[in-house]
Structure formats: structure tokens, C-alpha cells
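1. next input, structure requested:
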Amino acid sequence: MNAAMTISMLRTEEEDFLIALDDLAALADSLGARANALSLIPPGQGGPRTAEAAAAFHALSPELQVRLAVAVGILRAPSKMAHWHHTIADETVSRAVLAWSTSVEESIVGLAGTVDPRRITFWTPASVKASISKMLAAGCSLSNDEIGCKLSTHAVIVFLAALDQLRATRLHGMLTHSAPEATFSRDEILERLRDAASEDFRWPLLFVEKLIPGQLVTSLTSQEVDAALGELQRAGLVEAASEGRVARFELSTGGKVIADSVLHEVSKVALGVTEPQAGGQLGRDIVLLVRSTYYLFLFAMAGQAGAIAALDQDELAATLHFALRQPIPPPVAEEPVSTPAQPAAPPPLPSKDWYVIHAGQSRGPVDEPTLLRMLPSLPPETLVWNQELPNWMTAQEAGLLPAPAVASCSRCGTVLEPGQRFCANCGQPQA
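-> Coordinates of the predicted model:
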């Protein structure tokens, strides 16, 4: 593979592909890649760009065509996807999406960047885990303090808003050379929530809000915030500071440990994992990991349930293993068996669009009957592919051609190699 090869709108760099998002959409259309509800590639605009994308694809080597076609198919119709954001020392931010396929095990396709060109990368679950662990310096010492509790998703969000409020008062205190306010009110929490849609990755709530479905964070009501504050008090993270006309709250000892870690974070990673659930609904699990000098804290939200906890290395490994696990293929619904008096002829199967690589050239799409007529004139190593296949494969591997007949010795039954004139086992001459 060439280290840096320019092919029109498409470039390769080491093991990666670099391409603009609109060109990627045109390429997906030219390959006939069909989208699903989790598609990470938008619809193409058609026109000359689709033809240009096809030309750029055909200019690649067969090996690269296979690799890119698989990546595009997974990104256009993933079985599972995840947004992956991380920051280092509040100075840099990186955003990417990951895509899985139930038919391609131990392989995750990444699409990185928010501006063009986007980078397409192949990962494995192990390499993603290793990268996240490195970002969080998980190989260094982590505190073994058992800090954590199960909460609702609303309570986790409100606690993050409280931490952002305390960070704001701390910054104000630094600017005015005064002691920062250590308490907060419900209205101040609501103000932080309303501001959460702003783009500023340095604030944990704003950082993770981009991964939370809909407008859950910014739409929490006063009653929901009150209920969440009550839940945080019962969990021992928040305490009542005053009972005057305006109720104010402060963090408990355990809450302050978490706050100090977030205020002095070294790095943070957020994962928003989406995959189909029973009944056809899409489920979203949110994981925010914040690393400080001594602690690694988890803020988790899955549906209505959430949690905050300090993690050690083993617990981080378990969390990432669950988040990055291979998606499970949906169960095939079994239809009830019926015995009609006069069974009707089955409807014709839908035609599949096939692509062929032969002598370094790609052809397609062609329908299956056309492909079957082409195959006898093509060599056995010719590769074929359609959207239902996990990878390019020979026509025989794809089930389009029967397996070659296996010759065996007429005397002892030993399997013979093609053209073998004598049995290697018993010496019997073969016809």
C-alpha cells in the first residue's frame, strides 16, 4: 500500500483513507451501498460527483478497493455505532464516529474529523480500548477509594451541571481575587442546563451534552431538577446549605472529591453508543470518563438509569469491553407454519446488485442473472461483492458456483489432487 497516494478526490495515507464527506456520500452511492437508521454517510447529491467518485474508486488497487468497499458498506449501514470524543488538558479535542457490522467480527470502522477531509480508519475492539486507556493514562496509579452510587440519568445530568456551576464561581473568584461561592441554587442549575447546548469542550456538561439524544439536557424542568437534587441528597453527594427564601445546596465530602477531580482533570473521554433494541427502538448509552491526578471517574447514562463511580484499571477495562462489544445479530422472526390447500408459487427473489473485480478493474452494478452469465468466461480467482456480503470473495465462496468435484482413489478412497495419476496411499493407477 502506498504511503501517500493522491487519486482525484480520494487519498490514502498508510492504512487510512482521506476523503471529503460529500465525496464519501457520492462514493457510497456509486457502490450501491444502502443506508439504514444508523447511517453515518449522508445521501449523495447525484450528478457528475457520483461518476467522479466511481472513477477514483476504480483507480485504486484491487486490495484497496476491497478495503474501502467494506468500510463504506459498514459506515452506510452499521449494526451499531458510537460517537467517540476526547480532550487532553482542555487544549485539544478530537471527535470521531465508530461503526460495527454483525457480519465482520473484530473490526470497527472509524470516521474521524468534523471538517474535510474525513479519515476512514480500521480499528479492532482491542486497539480502541488501548487508545482510550492511553488517553486516560489508565496504566498509571489510580485510587482504590470506593466512591460511587446508582442514580437516574436526570440526577447525573444535574450533578454535572452543579460541577459546571462551581467551576464558573471558581473562575469568577480567581478573576476578582475573592473566595469562590461554594453553594448553588436550583435556578443556577437551570441556567447551566440552558447553556449546555453551547460549543465548549472544556466544560464536562457541554462536552457530553453533544452525545445525549434530543434536547434532554436543555429541556429539564424546575420540577425535574428539584427531584434530581433530592435524589442526589439521598445518595449522599449533595447537602442542603440553607433553607431561606431560596434554597441553596452544597456538595458533601464525597461530592467534593468528585468535584475536585473534575475541576483538575487531565483528560476526558466520552462515548455515545447507539444500537437497535428489542421492538425496533434505538438505545443510546452514554459514558463520560474524567481523569484527574489520582482518580478516574465514570458518569454513565443509559435510558433512565445512570451512575457515578470511581474506577480502577479492571473496572475501566470492563466498562470499555461492554461499550465496545460486538453487536448481536437481530433474531430471525419465525413465521407460523400453515398448510394451504393449494400453495401459491413463491414470489421471485429481489435482484441483487453485484460488483466484480477482474484483472484490476471493477465492474458493476450488475444483476445476479447477468453475473451468472459472465462467470463461466472469468477465471476462478475473480472477486465478487454485494451489500449483503461482509467482504469481497470468489464466486464459489459467495455460493454462485458449485464446489469443484473431489476425485478419490477407486481402490482406497484417498482424496486425489487435480491431475494426480497414481494414488499416493495404495499406488492404484487413476484414470
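2. buried residues in the helix or strand hosting residue 233?
-> Here residue 233 is covered by helix 222-234, with elements defined by DSSP states H and E. For helix 222-234, a neighbour-count test (16 or more other Cβ atoms under 10 Å) marks 224-225, 227-229, 231-232 as buried. No exception for glycine: its C-beta is placed from N, CA and C like everyone else's.
3. go on, stretch 386-400?
-> Neighbour-count burial for stretch 386-400 flags 386-387, 389, 392, 395, 398 (criterion: 16+ other Cβ under 10 Å).
4. what packs against whichever helix or strand comes after the helix holding residue 233?
-> Sequence-wise, the next helix or strand downstream of helix 222-234 (DSSP H and E) is strand 238-242. When contacts are defined as 3 or more Cβ pairs under 8 Å, 6 or more residues apart in numbering; DSSP states H and E, strand 238-242 packs onto helix 222-234, strand 248-251.
5. of the ones you listed, which is nearest residue 173?
-> strand 248-251 (15.3 Å; Cβ to Cβ).
6. export that closest one as CSV, just CAs?
-> As requested, the backbone C-alpha atoms of strand 248-251 are provided in CSV (Å, rounded to 0.1, in the frame of the first residue of the first chain):
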residue,chain,number,x,y,z
ARG,A,248,-29.2,26.5,48.3
PHE,A,249,-27.1,23.4,48.2
GLU,A,250,-23.5,22.3,48.6
LEU,A,251,-21.5,19.2,47.9
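7. so what strands line up beside it?
-> Strand 248-251 has the following strand partners under DSSP bridges: strand 184-185 (antiparallel), strand 238-242 (antiparallel).
8. and the angle for the longest one with helix 222-234?
-> Between the direction of strand 238-242 and that of helix 222-234, the angle (axes from the mean of the first three to the mean of the last three Cα atoms, to 10 degrees) works out to 110 degrees.
9. let the chain start at 48 from now.
-> Happy to do that; since the first residue is 48 now, the last one works out to strand 285-289.
10. for strand 285-289, give me every contacting residue.
-> Applying Cβ atoms under 8 Å, 6 or more residues apart in numbering, the external contacts of strand 285-289 come out as 206, 209, 230, 276, 279-280, 294-299, 302.
11. domains in the protein, as residue ranges please.
-> 51-170, 195-370, 402-435, 448-478 (automatic domain parsing).
12. in CSV: those, plus mean pLDDT.
-> Converted to CSV, these look like this (pLDDT from 0 to 100):
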stretch, mean pLDDT
domain 51-170, 89
domain 195-370, 91
domain 402-435, 75
domain 448-478, 65
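13. from residue 192, how far out is the residue nearest to residue 201 when sequence neighbours are not counted?
-> Take residue 201 and drop its neighbours on the chain: the residue closest to it by Cβ to Cβ, 6 or more residues apart in numbering is residue 275, 4.5 Å away. Plainly put, residue 275 is 24 Å away from residue 192 if you go by Cβ to Cβ, to the nearest Å.
14. over to residue 182?
-> 22 Å.
15. the helices and strands packed on strand 285-289: which one's closest to residue 125?
-> Each of the helices and strands packed on strand 285-289 has some distance to residue 125 by Cβ to Cβ; the shortest is helix 269-281, at 32.5 Å.
16. what comes into contact with that closest one?
-> Here helix 269-281 makes contact (Cβ under 8 Å, 6+ apart) with 198-199, 201-202, 204-206, 209, 233, 236-237, 240, 267, 285-287, 296, 302.
17. tell me how far it is from the chain's mean position?
-> 32 Å (Cα atoms, centre = their mean, to the nearest Å).
18. next one: stretch 158-172
-> 11 Å.
19. just the CA coordinates for it, please, in PDB.
-> In PDB, the C-alpha atoms belonging to stretch 158-172 read as follows (Å, rounded to 0.1, in the frame of the first residue of the first chain):
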ATOM      1  CA  LEU A 158     -14.700   8.100  10.500                       C
ATOM      2  CA  ALA A 159     -12.700  10.900  12.200                       C
ATOM      3  CA  GLY A 160     -12.900  14.600  11.900                       C
ATOM      4  CA  THR A 161     -15.500  17.400  11.800                       C
ATOM      5  CA  VAL A 162     -14.100  19.200   8.700                       C
ATOM      6  CA  ASP A 163     -12.900  17.800   5.400                       C
ATOM      7  CA  PRO A 164     -11.100  15.600   4.600                       C
ATOM      8  CA  ARG A 165     -12.500  12.900   6.900                       C
ATOM      9  CA  ARG A 166     -10.300  10.000   7.800                       C
ATOM     10  CA  ILE A 167     -11.500   6.400   7.500                       C
ATOM     11  CA  THR A 168      -9.600   4.000   9.800                       C
ATOM     12  CA  PHE A 169     -10.000   0.300  10.600                       C
ATOM     13  CA  TRP A 170      -9.900  -0.500  14.400                       C
ATOM     14  CA  THR A 171     -10.300  -3.600  16.500                       C
ATOM     15  CA  PRO A 172     -12.000  -3.500  19.900                       C
END
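20. list of residues touching that stretch?
-> 58, 60, 62-69, 71, 87, 114-115, 118, 122, 141-146, 153-157, 368, 371-373.
21. contact partners for the closest residue to residue 164 other than its chain neighbours?
-> Among residues not flanking residue 164 along the chain, residue 65 sits closest, at 4.3 Å (Cβ to Cβ, 6+ apart). Residues counted as contacts of residue 65 (Cβ under 8 Å, 6+ apart) are 57-59, 164-167.
22. same deal with residue 149?
-> Per Cβ under 8 Å, 6+ apart, neighbours of residue 149: 126, 373-376.
23. mark which of those residues are buried, thanks.
-> Members of these classed as buried by 16+ other Cβ under 10 Å are 126, 373.
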